[in-house]
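Q: Predicted model follows, preceded by the sequence.
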Amino acid sequence: MKKFEEKKFSIPVLKGISAKTIDEHLKLYAGYVKNANSILEKTPEYSVWAEKDPFVPYFVGELGRRFSFEYNGIRNHEIYFSSFEGGPQPLAAGKLKDMINETWDSFDKWLTTFKAMAATTRGIGWAALWYDPADDRLINSWIDEQHFGQLNGCTMILGLDMWEHSYVADYQPSGKKQYIEDFFANLNWKKIEENFKKA
């Protein structure tokens, strides 16, 4: 069975977000890869017992639910970490910027809306910018955990991790808004444009 592979990221020194936090965060990402592979390996093994033990189908079903959590954890973090590679770069004129301007009237209005969503939503999760190919449009949304709130058929092009492990060590819980500001100060928009083009 083909396994998921842990990607390596070339992340420069970041404003506000320490190398230690990134290192610990990357270990969490590696755990998602390991766990997703483990679930894929174990599901067929446990499924064999489904006819012999009436409890096993529930266990296999729970593995499937857990797989979506681990898998989305992989993909969300790959978007997050890759957005820092190459150092900060502004969003250049082009189709993505035009679409943001058309959808939210201006880039600044989109940015204000996105930051507010990230800062004011309580609990763990992600603030995300998606491309919806069905309607050729951009959508902001909040994702609870990793597997509640993913938009079916859409591709995440920008993901801001708002789980506390991504910022508390550097900012404390009260510094969430500064973490959001520093995320955008560190963001390489060329990477986001690449995601948009692929989508």
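A: Sure thing, it's come through. Numbers count the residues shown, from 1 in each chain.
Q: Show me where the protein has its strands.
A: 125-132, 137-144, 155-161 (DSSP state E).
Q: Please point out which parts of the first one sit buried.
A: In terms of neighbour count (16 or more other Cβ atoms under 10 Å), strand 125-132 has its buried residues at 125-131. (Each C-beta comes from the backbone N, C-alpha and C, glycine too.)
Q: So for residue 1, which of the strands of the chain sits nearest?
A: strand 155-161 (25.2 Å; Cβ to Cβ).
Q: Give me the contacts around that closest one.
A: Under the criterion Cβ atoms under 8 Å, 6 or more residues apart in numbering, residues 25, 75-77, 79-80, 83, 96, 114, 118, 126-131, 133, 150, 180, 183, 187, 192, 195-196, 198-199 lie in contact with strand 155-161.
Q: Could you check how far the residue nearest the centre of the chain is from residue 108?
A: In the chain, the centroid-proximal residue (Cα atoms, centre = their mean) is residue 76; its distance is 2.5 Å. Distance, residue 76 to residue 108, by Cβ to Cβ, to the nearest Å: 26 Å.
Q: can you check residue 186 too?
A: Distance from residue 186 to residue 108, counting by Cβ to Cβ: 19 Å.
Q: again with residue 172
A: Going from residue 172 to residue 108 by Cβ to Cβ gives 28 Å.
Q: How far away from the center of its chain is stretch 78-89?
A: 12 Å (Cα atoms, centre = their mean, to the nearest Å).
Q: With stretch 112-120 instead?
A: 16 Å.
Q: Could I get the buried residue list for that stretch?
A: For stretch 112-120, by 16+ other Cβ under 10 Å, it's 114-115, 117-118.
Q: Which pair of the residues you listed spans the longest distance?
A: Using Cβ to Cβ, the two most remote members of these are 115 and 117, lying 7.3 Å apart.
Q: What about the nearest residue to residue 100 once chain neighbours are set aside, how many residues nearby?
A: Distance criterion Cβ to Cβ, 6 or more residues apart in numbering; nearest residue to residue 100, sequence neighbours excluded, is residue 110 at 4.9 Å. By the measure other Cβ atoms under 10 Å, the count of residues near residue 110 is 19.
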